[in-house]
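>>> Model the structure of this input:
(one chain, ligands or ions: 1)
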Amino acid sequence: MEPKHPKDSKTIVTDLVLPSETNPLNNLFGGELLARMDRAASIAARRHSRRIVVTASVNHVAFKKTIPLGSVVTVEANISRAFKSSMEVILDVWIEDRESGVRSKANDAIYTFVAVDDGGSPIGVPPLEPETKIEKIRYEAALRRKQLSLVLAGKMDPKDATELKALFE
Ligand SMILES: CC(C)(COP(=O)(O)OP(=O)(O)OC[C@H]1O[C@@H](n2cnc3c(N)ncnc32)[C@H](O)[C@@H]1OP(=O)(O)O)[C@@H](O)C(=O)NCCC(=O)NCCS
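Residues are numbered from 1 along each chain as shown. Below is the predicted model:
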């Protein structure tokens with residue numbers, strides 16, 4: 001399969017925070033943000049693979065800043081690495097100041113998606129070729145994160161997580 005670049009699948013979704021999506025402090029409910037990130041990530045994974053994709057794992061979420069009612073929220077999804085059937089997707093979440101329009105980072109997260117056939121079995125995806133400096137950094141670290149995710153899910157013996165172990169040696 002021909003390699004693809006992160007820009008081929010980059011997905012940006014911008015939407016408002018409405019009253020039904022907030023918690024009692026009038027800030028965006030965490031589950032709503034998870035769903036928005038899941039949707040953006042699934043579109044990026046679908047664009048990369050041109051297949052049906054399913055969420056295999058949410059590897060990391062950091063709710064760094066509250067997102068108040070009425071905010072304009074932008075979720076940016078970038079594929080950081082493609083493996084055999086799985087793709088790591090990095091999400092960056094921004095809010096913009098109403099008056100100045102200046103964007104500030106509110107959250108980030110890392111999801112893993114798997115491309116599947118019509119029967120739900122994993123199927124191969126094109127490799128990802130990073131181009132920019134940040135894409136290359138994210139690509140390099142993705143294998144360690146995959147191993148950590150598999151170890152935590154009980155799908156990999158820690159002894160086999162060689163890239164991950166190398167961090168501590
Ligand atoms: C995700 C799913 C397709 C994986 O199927 P599986 O039979 O376990 O397949 P495998 O073990 O061969 O794994 C397939 C790929 O997923 C990766 N994977 C599976 N679990 C993972 C995890 N927890 N973290 C990271 N990667 C994972 C594997 O490493 C493998 O990647 P590779 O092919 O790129 O090397 C299957 O578990 C599934 O359908 N889960 C439900 C998905 C879903 O419904 N999501 C929405 C929840 S509401």
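
>>> Stretch 54-73: which residues count as buried?
For stretch 54-73, the neighbour count (16 or more other Cβ atoms under 10 Å) marks 56-59, 61, 63, 67, 71-73 as buried. Heads up, the C-betas are built off the backbone N, CA and C, glycines and all.

>>> Out of those residues, which is nearest to residue 108?
Nearest to residue 108, judged by Cβ to Cβ, of the buried residues of stretch 54-73 is residue 61 at 7.9 Å.

>>> Helix, strand, or coil at the residue lying closest to the closest one once chain neighbours are set aside?
Nearest residue to residue 61, sequence neighbours excluded (Cβ to Cβ, 6 or more residues apart in numbering): residue 109, at 4.3 Å. Residue 109 falls in the strand class when you classify it by DSSP: H, G, I helix; E, B strand; the rest coil.

>>> and the closest residue to residue 117 other than its chain neighbours, how many residues sit next to it?
Once flanking residues are discounted, residue 117 sits nearest to residue 123: 4.7 Å by Cβ to Cβ, 6+ apart. Residue 123 is flanked by 16 other residues according to other Cβ atoms under 10 Å.

>>> Then residue 153?
Residue 153 has 12 neighbouring residues, counting by other Cβ under 10 Å.

>>> Could you verify my assumption that it touches residue 57?
Yes - when contacts are counted by Cβ atoms under 8 Å, residue 153 is listed as touching residue 57 (6.7 Å).

>>> mind checking how far the residue nearest to residue 117 is from the ligand?
From residue 123 across to the ligand, the span is 9 Å (Cβ to the nearest ligand atom, to the nearest Å).

>>> Test my guess that that residue contacts residue 85.
Yes - using Cβ under 8 Å, residue 123 is in contact with residue 85, at 5.8 Å.

>>> tell me, what's touching these two both at once?
Taking Cβ atoms under 8 Å, 6 or more residues apart in numbering as the contact criterion, the residues that touch both residue 123 and residue 85 are 115-116.

>>> Now do the contacts for the residue nearest to residue 23 when sequence neighbours are not counted.
Spatially, and ignoring its direct neighbours in sequence, residue 23 is nearest to residue 29 (5.0 Å; Cβ to Cβ, 6+ apart). By Cβ under 8 Å, 6+ apart, the residues touching residue 29 are 21-23.

>>> which parts of this protein sit against the ligand?
Taking Cβ under 6 Å from any ligand atom as the contact definition, the chain meets the ligand at 54-57, 83-86, 112, 114, 116, 120, 122, 146, 149-150, 153, 155.

>>> Write a PyMOL command that selects only the buried members of the residues you listed.
In PyMOL, a selection of the buried entries from the residues of the chain next to the ligand looks like this (16+ other Cβ under 10 Å):
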select buried, resi 56+57+83+85+86+112+114+116+146+149+150
